[in-house]
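Trainee: Predicted model follows, preceded by the sequence.
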Amino acid sequence: MCGIVAYVGQQEALPIIIKGLKRLEYRGYDSAGVALLTKDGLGVYKKKGKVSELENHLVEFADLSSKIGIGHTRWATHGEPNDVNAHPHYSASEKFAMIHNGIIENYDVLKKDLLNKGYVFHSETDSEVFIKFIEDIFVNNHCSLEEAVRLALHKIVGAYAIVIVNKEEPDTLIAARKGSPLVIGVGQDEYFLASDATPIIEYTNQVVYLDDYEIAVIRDNQLQIKTIENVETNPYINQLELELEAIEKGGYDHFMLKEINEQPRSIADCMRGRLDAKNGRLVLGGLRDYMNKFQNAKRIIITACGTSWHAGLVAEYLFEEFARIPVEVEYASEFRYRNPVVGPEDFIIAISQSGETADTLAAIELAKSKGATIFGVCNVVGSSIARATHAGSYTHAGPEIGVASTKAFTAQISVLTMMALKLGYQRGTLSESRYMQLLSELETIPSKVERALKLNDKIQVIAEKYKDSRNFLYLGRGYNFPVALEGALKLKEISYIHAEGYPAAEMKHGPIALIDEEMPVVFIATKDSSYEKVVSNIQEVKARKGKIIAVVTEGDDTVKHMADYIIEIPDTEEAFVPLISVIPLQQLSYHIAVMRGCNVDQPRNLAKSVTVE
Ligand code: F6R
């Protein structure tokens, strides 16, 4: 949560920062602000709302030309979204200004101490405490700002990515991180700092990923990195492979729509160079050194949050069916706090689009401390989770900017499917012929997803019909149960309609009481091993006058006579159905949200990268 951007160099800082903040708005959009060193001194300008509100506000100021500045877009943690709580925050003397992404757990104690010393606080934020704490050390120790930051970080408990600008050093930025991401772009006589690479990409493709407990000082056009123990490290320059067009809307009304439609390509990208069905080859580079551990694991534990957790549920079915290893799927937020039984014989798979989710990161650290092997399935290259795991496979879905996850979900399932097939084959639980058959079918998925996307017009009609419903139920069994959960999550997060996903057979144990003529029920009823049972569940809802929207296999002749609307998707192997059946559910939630006038890409109260607990 929260996006930070900073610039120092030869260009005008403000346009670079504003453009960067717009790219990072997916991380939070409660308020935005900048601090610039101009001829008039160190000015802080901030506004509640989106970056565009800040831009309008900045028009009032005649001259904001500056070659150095910092900017922030906020997802509120401490204190309501308003101008005062917006970042940057000044230090008490207004000599320093700071932006912060993260959460300081011991801010209360620090604040009490500072209050006793006579400090005054204007905001309710932990971040204002942070910068005032740094200045207090700076004043009392008569040291440099850099040293004050270093000393302060030894006392700070929590997560942070910070950048500080100092009124008295107009060519200097000081940054540090622990737990929240920070990328430094290295240009020709200029440096860019940001929460991810998207604000940097059009200026340079050379980046340094700052590590936890590292402090970067950019002074006089030189970058120096030290640990908080004051040990200098050699910055490792990575080459970015991100394309600018991947982070633009490309003619679509919303990023979410673009990302839904990108899925044939993103799934193909995920399989490219890994799957060669003709020659029976399936190569996942990240698994190579860990295949032995994977194959001999007593148990696989999958940990993730939200949509990534749903992908983990699909993987549970895949691993158990094909590789016959018991699987547990854990919400990272629960796993990390319940003293789980984990050990060296467990193989942990952590799934995360952003690679920054705080709960997933903490679950990884916990499992690591108990000797388990951790494998990451992440989308964002170089992210914290990708670096905290022993090995991993990237999903290669490309940047996902819409807050609601779509193409990351199908890419995660694609990677997990390849892992399950490889594991089953290596363990001998999948015969050679079945393995070959499954690989061939997997290769057809991108074109089948392409066909499923063509149902868009029909789905718009369904959306129009049910857009004003107050509740929705999503029901499925087997591989389609996690899809039901995902369909419900998509709808609630972007349209604010209450929706619940359930295993269809569980209906009779409670939720069937909700059914009346007002209740749309989305069944995922594809031709699979539980098809007949799901058809019975459809009858039960029909008998109670519920409205039925059914996702069925092309050519289905049974459900058509029961459902109010049917959506026919291409047939595939039962285990691969989620990759296709989720598509119409993503489209349905998208269209309903648009018709209800909701902000599809930036739904209320949410942020894409959940770097707080
Ligand atoms: C839902 C959604 C969230 C994320 C969750 C985990 O559309 O996007 O539920 O899936 O916050 O995020 P990552 O995958 O980045 O760890």
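Mentor: Yes, it's here.
Trainee: so where do the strands sit in the stretch 51-200 of the chain?
Mentor: 68-74, 89-90, 96-104, 158-166, 172-178, 183-186, 191-194 (DSSP state E, counting those that start in this stretch).
Trainee: on contacts alone, who are the packing partners of the last one?
Mentor: The reference is to strand 191-194. strand 3-8, helix 13-23, strand 172-178, strand 183-186, strand 214-219 (3 or more Cβ pairs under 8 Å, 6 or more residues apart in numbering; DSSP states H and E). No exception for glycine: its C-beta is placed from N, CA and C like everyone else's.
Trainee: I'd like the ones you listed as TSV, with mean neighbour count, mean pLDDT and distance to the ligand appended.
Mentor: Converted to TSV, the helices and strands packed on strand 191-194 look like this (neighbours: other Cβ atoms under 10 Å; pLDDT from 0 to 100; distance: least, Cβ to the nearest ligand atom, whole Å):
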stretch	mean neighbour count	mean pLDDT	distance to the ligand
strand 3-8	31	97	14
helix 13-23	23	96	17
strand 172-178	23	97	18
strand 183-186	22	96	16
strand 214-219	21	98	23
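Trainee: quick one, which of the ones you listed is nearest to Ile592?
Mentor: Ile592 lies closest, by Cβ to Cβ, to one member of the helices and strands packed on strand 191-194: helix 13-23, at 26.3 Å.
Trainee: ok and the closest one relative to strand 158-166, angle-wise?
Mentor: An angle of 160 degrees separates the directions of helix 13-23 and strand 158-166 when computed by axes from the mean of the first three to the mean of the last three Cα atoms, to 10 degrees.
Trainee: Tabulate the CA atom coordinates of helix 13-23 in CSV.
Mentor: Listed next in CSV are the C-alpha coordinates belonging to helix 13-23 (Å, rounded to 0.1, in the frame of the first residue of the first chain):
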residue,chain,number,x,y,z
ALA,A,13,11.3,16.8,-10.9
LEU,A,14,7.6,17.6,-10.6
PRO,A,15,6.3,16.2,-13.9
ILE,A,16,8.4,13.0,-13.4
ILE,A,17,7.0,12.6,-9.9
ILE,A,18,3.4,13.3,-10.9
LYS,A,19,3.6,10.8,-13.8
GLY,A,20,5.2,8.3,-11.5
LEU,A,21,2.5,8.7,-8.9
LYS,A,22,-0.2,8.1,-11.5
ARG,A,23,1.5,4.9,-12.4
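Trainee: In terms of secondary structure, what does the following helix or strand past that helix contact?
Mentor: Later in the chain than helix 13-23, the nearest helix or strand by DSSP states H and E is strand 31-38. Secondary structure elements in contact with strand 31-38, counted by 3+ Cβ pairs under 8 Å, 6+ apart, are helix 13-23, strand 41-48, helix 51-58, strand 68-74, strand 96-104.
Trainee: what about these, which gets the closest to Tyr394?
Mentor: The minimum distance between Tyr394 and the helices and strands packed on strand 31-38 falls on helix 13-23, with 20.7 Å, by Cβ to Cβ.
Trainee: Confirm for me that Ile351 is in contact with His310.
Mentor: No: in terms of Cβ atoms under 8 Å, Ile351 does not count as a neighbour of His310; the distance is 9.5 Å.
Trainee: on that earlier part again, nearest to Glu613, of the strands of the stretch 51-200 of the chain?
Mentor: With distances scored as Cβ to Cβ, the stretch of the strands of the stretch 51-200 of the chain nearest to Glu613 is strand 96-104 (7.4 Å).
Trainee: what comes up buried for that closest one?
Mentor: By neighbour count on 16 or more other Cβ atoms under 10 Å, the buried set for strand 96-104 is Phe96, Ala97, Met98, Ile99, His100, Asn101, Gly102, Ile103, Ile104.
Trainee: The third one: what's it in contact with?
Mentor: Applying Cβ atoms under 8 Å, 6 or more residues apart in numbering to Met98 gives the contacts 70, 87-89, 91, 127, 130-131, 134, 162-165.
Trainee: at 10 Å what do you get?
Mentor: Listed by Cβ atoms under 10 Å, 6 or more residues apart in numbering, the contact set of Met98 reads 4, 35, 44, 70, 72, 87-91, 127-128, 130-132, 134-135, 149, 160, 162-165, 174-175.
Trainee: Which one of the residues in the stretch 301-450 of the chain is closest to the ligand?
Mentor: When distances are taken as Cβ to the nearest ligand atom, the stretch 301-450 of the chain approaches the ligand most closely through Gly306, which lies 1.9 Å from it.
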